[in-house]
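S.K.: Predicted model and sequence below, questions to follow.
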Number of protein chains: 2
Amino acid sequence: MSEQTQARFSFKLLKTDGGARRGEINTPHGVVRTPAFMPVGTQATVKAMYPEQVRDLGADVILGNTYHLMLRPTAERVAKLGGLHKFMNWPHTILTDSGGFQVMSLAQLRKMSEEGVTFRSHHDGSVHEMSPERSIEIQGLLGADIQMQLDQCIALPAERSEIEEAMQLSLRWAERSRTQFEKMGGPEKGQGLYGIVQGGDNPELRVQSAKALGDMPFEGYSVGGLAVGEPQEVMLKMLEVTTPVMPVDKPRYLMGVGTPEDILESVARGIDQFDCVMPTRAGRHGLAYTRFGKVNLKNARHSEDPRPLDEASSCPATREYSRAYLHHLVRVNEGLAAMLLTWNNLAYYQYLMQGIRDAIDTGTFEEFRQKTKEDWARGDIEPYVWS
Amino acid sequence: MSEQTQARFSFKLLKTDGGARRGEINTPHGVVRTPAFMPVGTQATVKAMYPEQVRDLGADVILGNTYHLMLRPTAERVAKLGGLHKFMNWPHTILTDSGGFQVMSLAQLRKMSEEGVTFRSHHDGSVHEMSPERSIEIQGLLGADIQMQLDQCIALPAERSEIEEAMQLSLRWAERSRTQFEKMGGPEKGQGLYGIVQGGDNPELRVQSAKALGDMPFEGYSVGGLAVGEPQEVMLKMLEVTTPVMPVDKPRYLMGVGTPEDILESVARGIDQFDCVMPTRAGRHGLAYTRFGKVNLKNARHSEDPRPLDEASSCPATREYSRAYLHHLVRVNEGLAAMLLTWNNLAYYQYLMQGIRDAIDTGTFEEFRQKTKEDWARGDIEPYVWS
């Protein structure tokens, strides 16, 4: 499609049910049904999954990490090879983060200024620069459908002055990010840039940040700087004060969240998009998410259990392999353990999102929320008894 | 199927073409088209593959390792859970080795006698016993369709006296294995037990071993103790003297072999079955087997190569991912690298076997052999040039 005929990035709010919102994001690579969970594909792969499997589970969008990709294989190389979608065989929507969070958490920091950050790669120590402009340039080279402004995310707890300073810097970087995004023709390509609400655990700063960003012409808005160590109730409280002052007609993305319960509660507070390494990382560590809570397959109680994780699931990993077999694979450290459990976990997350969307569609979100929490509270099935 | 109606294990020799043989083995879990390559599933999983993928590539049979399975999860546990087929979701034919080779190569050996071997597990140091009877008992508990006698396999080069002693001991163990196999009702269950020809690199001892075993009522015969360090021509020479004195109407299995070329040359010398870790292990180390030889994806020459490994392949791993992407995955050590390259490698091995079988069917094996070797000699494609 030429630039002339490429539709603009858009968001349609289809229905609300209490605070929960059902919507659709349109990007150059398809429709994203919201609320949406975005599996994390850090290094141009959702770990231990073929891209088609991820799609078949119902994921409309995945996340790529700018920090990792700028270092290896580099954004320039991905662009030369036709962009990230083609590179990783994912012809659907891709969202990239700004790289800022990983620069702060993974890289060896050298210098932080108004201009940006100079850092050393955690792989080989090579020196790189990251600024609002460079972050957008990289995300544009990758060809991300949904891009993030560079922001400054700090750990909690923190002093108010420190939180405010980072929030104000993030607002200035939001403006610079927007300018660069438009310079690169992002809007004409149908891509979207999200501004990121900061403000730590301070309600006043959160509102101030959300309002200031809302006055800028972003295609969507993220809530950043949460799930960074604070209790869940602090996170939910921040959402309760923030989402009411965010634009109604734009998608809202809660970055890096979370557990199934975090997602359910955040949807209730008006969030539309989520990403988290939890289902994929847990899958590589013997932990399965199911309708009835988490199952630690390392536990010897599963060693002779012939039952699958959930025979009612439509996912082969969940339905066709015994707990005894999964326990064995985890115990002997076989790659198939990660493959099956990641598959199971992403299947559960997408099953949860589909349930959430269906419930909002039918105006039954509150019943769904209660029922789902009861199932989790019921806990996993009783130990198997051999007759 | 009850024991009364279970068909006996059988082998049908369908066609010969020079020394090459085309046949069919019938087991309780299906038909094995020979010549056959058996992917190795050491710990009840073909590493980095879903069982259905292995089947879809055309594998009729996989191999399980008795030594590994007896230690974890134990044969008794697998039996309790319904046998190895059910445990690992592989409802097709399974062959198990005797465990002897790994006892010698992996375990800490404690005592070797006429009776058997006492050894310590390489995992936890626990003490175990292995005898011809115990090996068959384990293989029976696993429910293997094709079982191996316990034998003594020695490294080459070795003294003639040492080779002969091991060969004679293996013959006595063959008798004891057979007795145990019949005691356990293997024949009535439709299972097969193979005797194993030993004799090192000594033609006379090889012939003596093959003839002695041929006089015993085995369902098939293995050639063991090759591909243990000797040059390829020694291995092929041993086959040339051994296969002519092996029973014509029984399948012949060359254990632990080998490279595509080893397989092609061994088929030409009358071998029907093969197993080797090479395609799976290479897949975890960045090495791809293709129609035009091996491709080392670690090599930087692939870093910007947009071409797939072989666009004419029917395997998605081979056809749908660029060399640049595979190079990236290998370089950043992602699990998907092992998943895609193992898939590619097993696809190539099965493609080779299908080609071999078709060629024998049509009486064109010699042409196929020459053409295949020419393709390998041609080597991989030229470096990609960006215009």
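M.R.: Nice, I can see it. Residues are numbered from 1 along each chain as shown, chains lettered A, B, ... in the order given.

S.K.: burial measure for the closest residue to chain B within the stretch 101-250 of chain A, as a count.
M.R.: Chain B sits closest to A:H123 of the stretch 101-250 of chain A, with a gap of 8.8 Å, by CB to the nearest CB. From N, CA and C alone the C-beta is placed, and that goes for glycine too. A:H123 has 12 neighbouring residues, counting by other CB atoms under 10 Å in any protein chain shown.

S.K.: cool, A:W173 as well?
M.R.: 25.

S.K.: Check it and give its pLDDT.
M.R.: A:W173 carries a pLDDT value of 98.

S.K.: where does the residue of the stretch 101-250 of chain A closest to chain B fall, helix, sheet strand or coil?
M.R.: Secondary structure assignment for A:H123 (DSSP: H, G, I helix; E, B strand; the rest coil): coil.

S.K.: Please name the residues that touch the closest residue in space to it that isn't next to it in sequence.
M.R.: Counting by CB to CB, 6 or more residues apart in numbering or on different chains, A:L71 is the residue found nearest to A:H123 once chain neighbours are left out, at 6.1 Å. Residues counted as contacts of A:L71 (CB atoms under 8 Å, 6 or more residues apart in numbering or on different chains) are A:121, A:123, A:126, A:128.

S.K.: For those, which two are the farthest from each other?
M.R.: A:H123 and A:H128 (10.9 Å; CB to CB).

S.K.: Phi, psi for the residue nearest the centre of chain A please.
M.R.: Central residue check for chain A by CA atoms, centre = their mean: the C-alpha nearest the mean position is that of A:D275, 1.4 Å away. Reported as degrees, to the nearest 10, the phi and psi values for A:D275 are phi -150, psi 150.

S.K.: One more: A:G195?
M.R.: phi -80, psi 150.

S.K.: Report the contact partners of it.
M.R.: So A:G195 contacts A:149, A:174, A:177-178, A:213, A:216, A:218, A:221-222 (CB under 8 Å, 6+ apart).

S.K.: coming back round to it: wait, doesn't the residue nearest to the centre of chain A sit right on A:V40?
M.R.: Yes: between A:D275 and A:V40 there is a contact under CB atoms under 8 Å: 5.7 Å.

S.K.: Scan the helices and strands of chain A for the one with the lowest mean pLDDT.
M.R.: strand A:108-112 (a mean of 84; mean pLDDT, DSSP states H and E).

S.K.: one step back: pull up the overlap in contacts between A:D275 and A:V40.
M.R.: A:L63.

S.K.: so who does the closest residue to chain B within the stretch 51-200 of chain A touch?
M.R.: Per CB to the nearest CB, A:P73 is where the stretch 51-200 of chain A lies closest to chain B, at 4.6 Å. Applying CB under 8 Å, 6+ apart to A:P73 gives the contacts A:44, B:303, B:324, B:328, B:331.

S.K.: pLDDT wise, what is the residue of the stretch 101-250 of chain A closest to chain B at?
M.R.: 89.

S.K.: likewise A:E382?
M.R.: According to the prediction, A:E382 has pLDDT 88.

S.K.: A:V332 now?
M.R.: pLDDT, A:V332: 98.

S.K.: same question, the one 4 residues further on
M.R.: The predicted local confidence for A:L336 comes out at a pLDDT of 98.

S.K.: For it, which non-adjacent residue is spatially closest?
M.R.: Looking at A:L336 with CB to CB, 6+ apart, the closest residue is B:T45, at 4.5 Å.

S.K.: Surely A:Q43 and B:V332 touch.
M.R.: Yes: with contact defined as CB under 8 Å, A:Q43 and B:V332 form a contacting pair (5.0 Å).

S.K.: Touching both of the two, which residues are there?
M.R.: A:68, A:72.

S.K.: Next up, the contacts around A:G83.
M.R.: Contacts for A:G83 (CB under 8 Å, 6+ apart) come out as A:141-143.

S.K.: Which members of the residues you listed are positioned in helices?
M.R.: A:141-142 (DSSP state H).

S.K.: Quick one: the contacts of A:G83 as CSV, columns for neighbour count too.
M.R.: Shown next, in CSV, are the contacts of A:G83 (neighbours: other CB atoms under 10 Å in any protein chain shown):
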residue, neighbour count
A:L141, 21
A:L142, 22
A:G143, 23
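
S.K.: Many thanks, we can stop here.
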